[in-house]
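Enquirer: Structure, please.
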Amino acid sequence: MELKNKRAYFDYYIEEEIEAGIVLVGSEIKSLRQNRGDIKDSYVTFKDNEAYVINMYIPKYEEANIFNHDERKTRKLLLHKKEIKKLKEKLTIEGYNIVPLKVYLKRNHVKLLIGVAKGKKLYDKREDIKKRDIQKETKYRF
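Expert: Numbering: from 1, shown residues only. Alright, predicted model coming up:
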């Protein structure tokens with residue numbers, strides 16, 4: 001099971017990656033194990049020295065009757081105090097964001113890979129597209 005945020009690598013320069021645990025209920029985990037969910041429009045914010053991921057989409061698990069979960073609720077991240085302090089300091093610098101990059105299973109625990117990211121300008125994105133096109137052309141020539 002692995003959900004990737006490909007858009008984050010296109011829109012941002014990822015400077016640092018940190019692995020965080022995430023607080024979930026049973027129906028959310030079962031839905032993620034079916035490889036369902038989306039982290040494309042989500043971001044990380046801080047409140048009362050705790051980290052939260054906002055707008056992460058986990059669809060409802062069909063077999064979970066009345067004990068189902070909200071699809072886009074705010075979910076708490078499990079990080080050490082030092083990591084939270086370090087991330088908050090990075091967030092105060094203008095142009096930096098903290099975005100989810102990947103959701104995956106590690107020893108039966110759901111982990112969220114978050115990245116300290118700096119936004120790209122439009123001309124940087126165009127350069128990335130050119131490089132990718134050149135790589136595709138050279139790959140298919142041989």
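Enquirer: Ile22 - how many residues pack around it?
Expert: Other residues near Ile22 number 22, with proximity taken as other Cβ atoms under 10 Å. The way it works is simple: take the backbone N, C-alpha and C, and place the C-beta from them, glycine included.
Enquirer: Quick check: it touching Arg75?
Expert: Yes - with contact defined as Cβ atoms under 8 Å, Ile22 counts as touching Arg75 (5.7 Å).
Enquirer: Overlap in contacts, the two.
Expert: Val53 (Cβ atoms under 8 Å, 6 or more residues apart in numbering).
Enquirer: Quick check: closest non-adjacent residue to Met56.
Expert: Closest residue to Met56 apart from its sequence neighbours, by Cβ to Cβ, 6 or more residues apart in numbering: Ser42 at 4.3 Å.
Enquirer: Count the residues that sit near the one you found.
Expert: 20.
Enquirer: Contacts only, for it.
Expert: 5, 53-57, 99-100.
Enquirer: For the protein, give the helix that spans the most residues.
Expert: Ordering each helix of the chain by length in residues (DSSP state H) puts helix 122-141 first.
Enquirer: now what about that helix, what contacts it?
Expert: Contacts of helix 122-141 (Cβ under 8 Å, 6+ apart): 10-11, 120.
Enquirer: and of these, the nearest to His80?
Expert: Asp11 (27.6 Å; Cβ to Cβ).
Enquirer: List the buried residues for stretch 26-44?
Expert: 27-32, 37-39, 42-44 (16 or more other Cβ atoms under 10 Å).
Enquirer: Helix or strand for the most centrally placed residue in the chain, just tell me which one.
Expert: By Cα atoms, centre = their mean, the mean C-alpha position of the chain lies nearest to Pro100, the distance being 1.7 Å. Per DSSP states H and E, Pro100 falls inside strand 96-106.
Enquirer: Summarise which helices and strands that strand is packed against.
Expert: strand 2-4, helix 6-11, strand 12-22, helix 26-33, strand 43-47, helix 81-92, strand 109-119 (3 or more Cβ pairs under 8 Å, 6 or more residues apart in numbering; DSSP states H and E).
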